[in-house]
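Novice: sequence first, then the predicted structure:
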Amino acid sequence: MKGIIFTEFITIVETQFGLDISQQMFDDANDSGIYTAVGSYDHRQLIKLIMSLSHITNIPASQLQQTYGRLVFPALLQALPIPNIEDDDTFRFIEKVEQYIHIEVKKLYPEATPPKFIFSNKTQSTMTMDYHSARCMGYVCMGLLEGCAHYFHQSLTITMQPMNADQSHVRFSLTLTGD
């Protein structure tokens, strides 16, 4: 997993919970806390940090992941090579992530394994999207979808349905509820 995911997570934890909680999270996870945005790290280390933070704050790990996804969206948007998003809306941008961004990430980082999105049942106001990832971070994806809708000034209702026990396949049903 690319280091920007880790560095942004740490920044969000420090901003939302403070330096003491951040340090306690690292201590409890037996983690040095040393990450660079351009490095590559095992995603299980991020899960370990999230679980530690959940234990410290008594906030469910799923809620922390979703909040992280929502808050990290603007930083990821700035960091990624995304052409012509001025005329996009939430649905067009989400499709562009799969059709363009994930392909470009693979070109830049051949070892990267971005999630796979499969779209179905798309209308002007609804979309069904299947998320496939061995990292099983559907709640982060849900937060990213919320962050995307916020960025494009749209209201979005999202339902999330795990399609298997480990949640490596999750189905999202998205409905635009207003502009």
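Specialist: Received, thanks.
Novice: contacts only, for the residue lying closest to Ser168 once chain neighbours are set aside.
Specialist: Once flanking residues are discounted, Ser168 sits nearest to Cys136: 5.1 Å by CB to CB, 6 or more residues apart in numbering. For the C-beta atoms, the positions are set from N, CA and C on the backbone; glycine is no exception. Counting by CB atoms under 8 Å, 6 or more residues apart in numbering, Cys136 touches 166-168.
Novice: same for the longest helix anywhere in the chain, what does it pack against?
Specialist: As assigned by DSSP state H, the longest helix anywhere in the chain is helix 61-79. Applying 3 or more CB pairs under 8 Å, 6 or more residues apart in numbering; DSSP states H and E, one finds that helix 61-79 contacts helix 3-17, helix 43-57, helix 138-151.
Novice: in this protein, which helix or strand is least confident?
Specialist: One helix or strand of the chain scores below all others by mean pLDDT, DSSP states H and E: helix 102-108, with a mean of 76.
Novice: what comes into contact with that helix?
Specialist: 80-81, 112, 114-117.
Novice: just for this structure, where's the confidence low?
Specialist: 81-84, 178-179 (pLDDT under 70).
Novice: for it, which strand is longest?
Specialist: If you go by DSSP state E, the chain has its longest strand at strand 169-178.
Novice: show me the protein divided up by domain.
Specialist: For the chain, automatic domain parsing gives the domain ranges 3-59, 88-178.
Novice: mind giving me TSV with the ones you listed and columns for distance to Leu76?
Specialist: Conversion of the domains of the chain to TSV gives the following (distance: least, CB to CB, whole Å):
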stretch	distance to Leu76
domain 3-59	7
domain 88-178	8
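Novice: for Leu71, which of those domains is the nearest?
Specialist: Shortest distance between Leu71 and the domains of the chain, using CB to CB, is found for domain 3-59: 5.1 Å.
Novice: just give me how far that closest one sits from the chain centre.
Specialist: With CA atoms, centre = their mean, to the nearest Å as the basis, domain 3-59 stands 15 Å off its chain's centre.
Novice: could you report the neighbour count for the nearest residue to Ala61 once chain neighbours are set aside?
Specialist: In space, and not counting its chain neighbours, Ala61 is closest to Ser54: 4.2 Å by CB to CB, 6+ apart. Neighbour count for Ser54, taken as other CB atoms under 10 Å: 17.
Novice: just Thr15 next, same as before
Specialist: Using other CB under 10 Å: Thr15 sits among 11 other residues.
Novice: mind checking the SS state of Ile118?
Specialist: For Ile118, the assignment made with DSSP: H, G, I helix; E, B strand; the rest coil gives strand.
Novice: contact partners for it?
Specialist: Applying CB under 8 Å, 6+ apart to Ile118 gives the contacts 129-130, 132.
Novice: quick one on the thing from earlier: list only buried entries from the contacts of helix 102-108.
Specialist: When the contacts of helix 102-108 are checked for burial by 16 or more other CB atoms under 10 Å, the buried set is 114-115, 117.
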